[in-house]
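Enquirer: Give me a model of this one.
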Amino acid sequence: MAAPAKIDPELLKYAVSDKERLYLQKSMDSVSMRAAAKELGVNDGTIRQAVERVRARAAKMGYAPDHDLNKPTTAPFVVKGTSTLYGEDGQPKLQWVKTNLDREAQIEIMRQAVEALCEDVKPVKAIPAPPDVNEQLMSIYPWGDPHVGMYAWADETGDNFDLSIAEQDMCNAVDYLVERSPPSKRGVLVNLGDFFHYTNMVGSTEKSGHILDRDSRTAKMIDVGVRIIKRCLERMREKHEIVELINAPGNHDETFAHFLNVLFRNLYANENRVIVHDAPTTRHYLQHGKCLIGVVHGHQTKDKDLPGIMAAEKPKEWGETKHRVFFRGHHHHDSRVEYTGPCFVEQCRTLSPGDAYAVGGGYLSGRDMKCIVMHSEFGEQMRLTCGIDVLRREYE
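Expert: Below you'll find the model as predicted:
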């Protein structure tokens, strides 16, 4: 009788689902993966992919005996790289294992910490809904890359920017747009990512370590950023019956986007008119009748792929709708392109100026914030724009 398929029993420790464990165990008990697949009634490629997936996960955690890795790391660390010294007999004599914090584990640790801190947050009081709202309208207020905490010096970049200017411009822009929006039943404040300019104590980007031009200290930046969002949500509560908040993770503030979700979910725990879309995902979706709205920062995807991603991730909602828009940030430019579907991908501008790095590299764009009003049956019906020059004229 043939020997069972050669599957390391230790790999069972790295399976994360019942199906993965079933596929591994059945492969160990059978003469081959193909035999295991036949017995389970699945394609043999399905089992092969599951086994490879678990092997890759185990290697990431430091376990790959075929490559002389036998010292698994402990959570939340993952293997970043290894160096092995082999003797003349070909056997490993010394090994250096470089580890790094697992990004997903980091986010989960931070989320749990913020959850604990928010236990003492005093929720805001519910207030009566405004009368006579239009049930069929939804007003969307996209914030493109606010970069709260960035510093810019006018002599170097053409415009001054700091925490106080960011707070003034963002709050005034929302005031301006909310005042001019029709009384839509739904009002959605969409943070398209890079709300904060940085997310550590040294003011650098997480992946490249690039030192950023920043104003003040991290704690003060967080305080100002939270105050901005709360003030804008309060203004929207006066105008719209249902107020919604989306915080998309950006490349500058991937982790802080999650803490904003936890904080504001707790802050408005007693107000059923405020909805915080707090799923720990890079993309979020809203359906409003025959309208389907996608939200993403855009640093990990290409615009032309977003309609297909929307259809794959939300097939039911895609089939029920005909007016589809994906709002994205990251590039700071103003553009709106229609792709097959049909589905528009709209790039939103920012209210902030460029910092020294952006201006030096010639990355220049206009500055504004918009309100897009969607009808549940007919799609976009109105578009309001608040440019930086309007803000300076109206509020200075």
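Enquirer: Show me where the stretch 1-150 of the chain has its helices.
Expert: Applying DSSP state H, counting those that start in this stretch to the stretch 1-150 of the chain gives helices spanning 18-29, 33-40, 44-60, 103-117.
Enquirer: Let me have the ones you listed in TSV, extended by mean neighbour count.
Expert: All C-beta spots, glycine's among them, are computed from the backbone N, C-alpha and C. Output for the helices of the stretch 1-150 of the chain, formatted as TSV (neighbours: other CB atoms under 10 Å):
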stretch	mean neighbour count
helix 18-29	18
helix 33-40	18
helix 44-60	17
helix 103-117	14
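Enquirer: between these, which one is nearest to residue 393?
Expert: Minimum separation from residue 393 across the helices of the stretch 1-150 of the chain (CB to CB) falls at helix 103-117, 39.2 Å.
Enquirer: Not counting sequence-adjacent ones, nearest residue to the residue nearest the centre of the chain?
Expert: Centroid-nearest residue in the chain: residue 249, 2.7 Å away (criterion: CA atoms, centre = their mean). Once flanking residues are discounted, residue 249 sits nearest to residue 257: 4.1 Å by CB to CB, 6 or more residues apart in numbering.
Enquirer: So which bits of the one helix or strand the one you found maps to are buried?
Expert: For residue 257, the host element (DSSP states H and E) is helix 254-267. The neighbour-count check on helix 254-267 (16 or more other CB atoms under 10 Å) flags 254-267 as buried.
Enquirer: how about the residues you listed in TSV, adding distance to residue 191?
Expert: Below are these laid out as TSV (distance: CB to CB, whole Å):
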residue	distance to residue 191
254	13
255	14
256	10
257	7
258	12
259	13
260	8
261	10
262	14
263	13
264	10
265	14
266	17
267	15
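Enquirer: so where is the protein shaky, pLDDT-wise?
Expert: 1-5, 67-86, 91-120, 205-209 (pLDDT under 70).
Enquirer: okay, now the domains of it?
Expert: Domains of the chain are assigned by automatic domain parsing as 1-60, 128-395.
Enquirer: The longest one: end-to-end distance?
Expert: When you say that, I think you mean domain 128-395. Distance across domain 128-395, first residue to last, is 29 Å (CA to CA, to the nearest Å).
Enquirer: next one: that domain to chain centre, how far?
Expert: Using CA atoms, centre = their mean, to the nearest Å, the mean C-alpha position of domain 128-395 is found 12 Å from that of the whole chain.
Enquirer: please renumber so the chain begins at 349
Expert: In the new count, where the first residue is 349, that last one comes out as domain 476-743.
Enquirer: hey, which helix is longest across the chain?
Expert: In the chain, taking DSSP state H as the definition, the longest helix is helix 566-587.
Enquirer: What segments of the stretch 499-648 of the chain are helices?
Expert: Counting by DSSP H, counting those that start in this stretch, the helices of the stretch 499-648 of the chain are 502-505, 511-528, 566-587, 602-615.
Enquirer: which strands and helices sit next to the last one?
Expert: Other elements packing on helix 602-615 under the criterion 3 or more CB pairs under 8 Å, 6 or more residues apart in numbering; DSSP states H and E are helix 451-465, helix 566-587, strand 590-595, strand 622-625.
Enquirer: again, but for the first one
Expert: Packing contacts for helix 502-505, counted by 3+ CB pairs under 8 Å, 6+ apart, involve helix 704-708.
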